[in-house]
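K.L.:
curious how this folds, go ahead:
(one chain, ligands or ions: 1)
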Amino acid sequence: MAHSEVHNNRGELRIYESVDELGTDLADYVAELSELSVKERGVFAIALSGGSLIGLLGKLCKAPYNRTIDWAKWYIFWADERVVAKNHVDSNYKLAKDGLLSKVPIVPSHVHSINDSVSAEAAADDYEFDIRQMVRTRLISVSDISDCPKFDLILLGMGSDGHIASLFPNHLVLDEKDQWVTYITDSPKPPPERITFTLPVINSASNVALVVTGGNKAEAVCLAVDAVEPDCQSIPARMVQPTKGKLVWFLDRPAASKLNNSQFPNQG
Ligand SMILES: O=C(O)[C@H](O)[C@@H](O)[C@H](O)[C@H](O)COP(=O)(O)O
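P.N.:
Residues are numbered from 1 along each chain as shown. As a prediction, this is how the structure comes out:
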């Protein structure tokens, strides 16, 4: 696989020559974590986001993954969701259903989408309640240093402004410490009403992957990874720092183009 790999205090950086190679390695990564988690816990609790991420997961629907992954053990959640009807073109659930979930044998009752018939605030409360039930039965593991859910894997994209999930730069919800799921009604990226995991939940996961492609993200990637004295509130991706879990960045060359090149001596 032609990619560079480096480990620093911002996690593991994997940089690919092409989006196709990135997609192949991302599918391998998800499949390996699924296998490990099913072996250790009997289930795999994964949280998805929206955006280009779902397209980049496309190889999971194809051979060998469509046959080798133990799909019946998957429990699906969303790290963030737009508060729109499930059949709306803006719905992250619809995006994932059309692009992934309808193409593999997921158990329908294992798909935990939001309540789309209530306000953003109520949808966030309902979703947190749902996750609390899953933690109680340990279908989602629990952090051993807080009472937070410990997802086996949270997959995130990143906007060119450095936002992750629906945690946007300098927004008050970046400081939310108590709730697991919160809501916003003023998203700078449409649609305005969204629910989102909070940073304590993201940072309690066993594994977090940040999947970022395209030159328009290069500046934000550099600020999130390289900046010496970063203003974290202005680059939420910088605040993704799993307490005990592992962070992996999947970057294509354009997205990585502003990183300090001396960090990447090895072409593997
Ligand atoms: O609901 C959303 O808007 C997404 O969850 C959001 O956080 C997305 O992941 C980023 O905006 C990156 O999106 P792109 O990869 O499409 O740029």
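
K.L.:
what residues does the stretch 51-200 of the chain have near the ligand?
P.N.:
With Cβ under 6 Å from any ligand atom as the criterion, the stretch 51-200 of the chain meets the ligand at residues 51-53, 80, 82, 92, 157-159, 163-165, 189. (C-beta placed from N, C-alpha, C; glycine too.)

K.L.:
out of these, which are inside helices?
P.N.:
Using DSSP state H, the members of those that fall in helices are 53, 92.

K.L.:
got the residues of the stretch 51-200 of the chain next to the ligand as a markdown table, with distance to His112 and pLDDT columns?
P.N.:
Shown next, in a markdown table, are these (distance: Cβ to Cβ, whole Å; pLDDT from 0 to 100):
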| residue | distance to His112 | pLDDT |
| --- | --- | --- |
| Gly51 | 19 | 97 |
| Ser52 | 22 | 98 |
| Leu53 | 18 | 98 |
| Asp80 | 13 | 98 |
| Arg82 | 16 | 98 |
| Asn92 | 12 | 98 |
| Gly157 | 19 | 98 |
| Met158 | 23 | 98 |
| Gly159 | 24 | 98 |
| His163 | 23 | 98 |
| Ile164 | 20 | 98 |
| Ala165 | 15 | 98 |
| Lys189 | 23 | 95 |
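
K.L.:
show me where the stretch 51-200 of the chain has helices.
P.N.:
Along the stretch 51-200 of the chain, the stretches classed as helices by DSSP state H, counting those that start in this stretch are 53-56, 65-68, 92-99, 120-136, 199-202.

K.L.:
contacts only, for the spatially closest residue to Val84 that is not a sequence neighbour.
P.N.:
Closest residue to Val84 apart from its sequence neighbours, by Cβ to Cβ, 6 or more residues apart in numbering: Asp90 at 4.9 Å. With contacts defined as Cβ atoms under 8 Å, 6 or more residues apart in numbering, the neighbours of Asp90 are 82, 84, 190-191.

K.L.:
list buried residues within these.
P.N.:
By neighbour count, with 16 or more other Cβ atoms under 10 Å, those hold 82, 84 as buried.

K.L.:
in TSV: the contacts of Asp90, plus distance to Leu153.
P.N.:
Shown next, in TSV, are the contacts of Asp90 (distance: Cβ to Cβ, whole Å):
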residue	distance to Leu153
Arg82	21
Val84	25
Pro190	27
Pro191	26
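
K.L.:
one step back: nearest to Ser117 among the residues of the stretch 51-200 of the chain next to the ligand?
P.N.:
Using Cβ to Cβ, Arg82 is the member of these that lies nearest Ser117, at 14.2 Å.

K.L.:
could you pull up the residues touching the closest one?
P.N.:
50, 88, 90-92, 191, 193-194.

K.L.:
likewise Glu176?
P.N.:
182, 198-200.

K.L.:
apply 7 Å and report the result again.
P.N.:
Neighbouring residues of Glu176 by Cβ atoms under 7 Å, 6 or more residues apart in numbering: 182, 198.

K.L.:
please enumerate the strands of the chain.
P.N.:
3-8, 11-16, 44-48, 74-78, 80-82, 141-142, 149-150, 153-156, 181-184, 194-197, 207-212, 246-252 (DSSP state E).
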